[in-house]
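>>> Predicted model and sequence follow; I will ask about them next.
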Amino acid sequence: MSEGDSVGESIHGKPSLVAAFFTRIGQVYQSWLDKSTPFYAVRWAATLLLTAVYMIRVYILQGWYIVTYALGIYHLNLFIAFLSPKVDPSLLDEDEGPSLPTKQNEEFRPFIRRLPEFKFWHSATKGIVIAMICTFFDAFNVPVFWPILVMYFIMLFCITMKRQIKHMIKYRYIPFTHGKRTYKEET
């Protein structure tokens with residue numbers, strides 16, 4: 001590689017002003033994400049508020065139904081990944097890797113998600129922001145008969161959730177655990 005071929009470097013080997021600016025923006029953004037990690041209720045409340053603002057904007061503008069449908073499908077995909085275990089028990093043999101406890105007297109193993117809560121929140125929020133930005137461009141306002149999209153989304157949601165719930169019942173896992181069961185001390 002010759003001098004200056006590296007990404008973000010100028011001819012003289014120093015980072016360019018534009019690259020330094022975007023690096024700094026990325027660092028500030030990551031810092032805000034790191035600071036927001038423990039405040040899950042506030043993060044989700046802000047995301048719900050952003051969702052409400054988006055829905056109100058779509059309702060007032062009476063358009064961008066394809067963008068909203070795509071956002072719904074994306075959120076459904078994220079939700080399914082959030083409910084799924086990191087290691088799919090249907091793909092494992094009996095003796096390979098960690099498995100979920102199937103009997104009452106087996107050792108407690110915490111549920112490990114395929115998509116952790118923070119990444120679920122971050123991806124969902126980014127999706128809403130991108131959908132909101134799309135509502136500012138007429139190119140994304142494709143005329144469609146929106147009731148068909150709503151019915152198709154409801155059918156897709158029901159079929160997908162039915163399959164996910166059957167999978168949860170078959171392999172005996174609950175994606176919402178609050179830790180190891182503890183028993184009160186008798187005094």
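Thanks, I have the structure now. Numbers count the residues shown, from 1 in each chain.

>>> Sketch out the low-pLDDT regions of this structure for me.
Applying pLDDT under 70 to the chain flags residues 1-13, 92-109, 177-183, 186-187.

>>> ranges for the strands of it?
Ranges of strands in the chain, per DSSP state E: none exist.

>>> how far does the helix ranked longest in it sit from the chain's center?
As assigned by DSSP state H, the longest helix anywhere in the chain is helix 146-170. Relative to the chain's own centre, helix 146-170 is displaced by 18 Å; criterion: C-alpha atoms, centre = their mean, to the nearest Å.

>>> Stretch 59-66 too?
For stretch 59-66, the distance to the chain centre is 24 Å (C-alpha atoms, centre = their mean).

>>> got a list of contacts for it?
For stretch 59-66, the external contacting residues (C-beta atoms under 8 Å, 6 or more residues apart in numbering) are 58, 131, 134, 135, 140, 141, 142, 143, 144, 146, 149. (C-beta placed from N, C-alpha, C; glycine too.)

>>> switch to 10 Å and redo it
Identification of contacts with stretch 59-66 by C-beta atoms under 10 Å, 6 or more residues apart in numbering yields 54, 57-58, 68, 70-71, 131-132, 134-138, 140-150.

>>> With adjacent residues omitted, what lies nearest to the residue nearest to the spatial centre of the chain?
The centroid of the chain falls nearest to residue 120 when counting by C-alpha atoms, centre = their mean (2.6 Å). With C-beta to C-beta, 6 or more residues apart in numbering as the criterion, residue 120 has its nearest non-adjacent residue at 4.7 Å, and that residue is residue 82.

>>> The one you found against residue 122, yeah?
No - in this structure, residue 82 is not within contact of residue 122 by C-beta atoms under 10 Å, at 12.0 Å.

>>> And for residue 68, the neighbour number?
Residue 68 has 21 neighbouring residues, counting by other C-beta atoms under 10 Å.

>>> Can you tell me the closest non-neighbouring residue to it?
Excluding the flanking residues, the one nearest residue 68 by C-beta to C-beta, 6+ apart is residue 58, at 5.6 Å.

>>> same check, this time on residue 37
For residue 37, ignoring the flanking residues on the chain, the nearest one in space by C-beta to C-beta, 6+ apart is residue 118 at 6.2 Å.

>>> list the contacts for that neighbour?
Residue 118 makes contact with 33, 36, 37, 40, 43 under the criterion C-beta under 10 Å, 6+ apart.

>>> And the first one, how close does it get to residue 184?
Read that as residue 33. 39 Å (C-beta to C-beta, to the nearest Å).

>>> okay, these two: which has more neighbours?
The neighbour count for residue 33 versus residue 184, taken as other C-beta under 10 Å, is higher for residue 33 (12 against 5).
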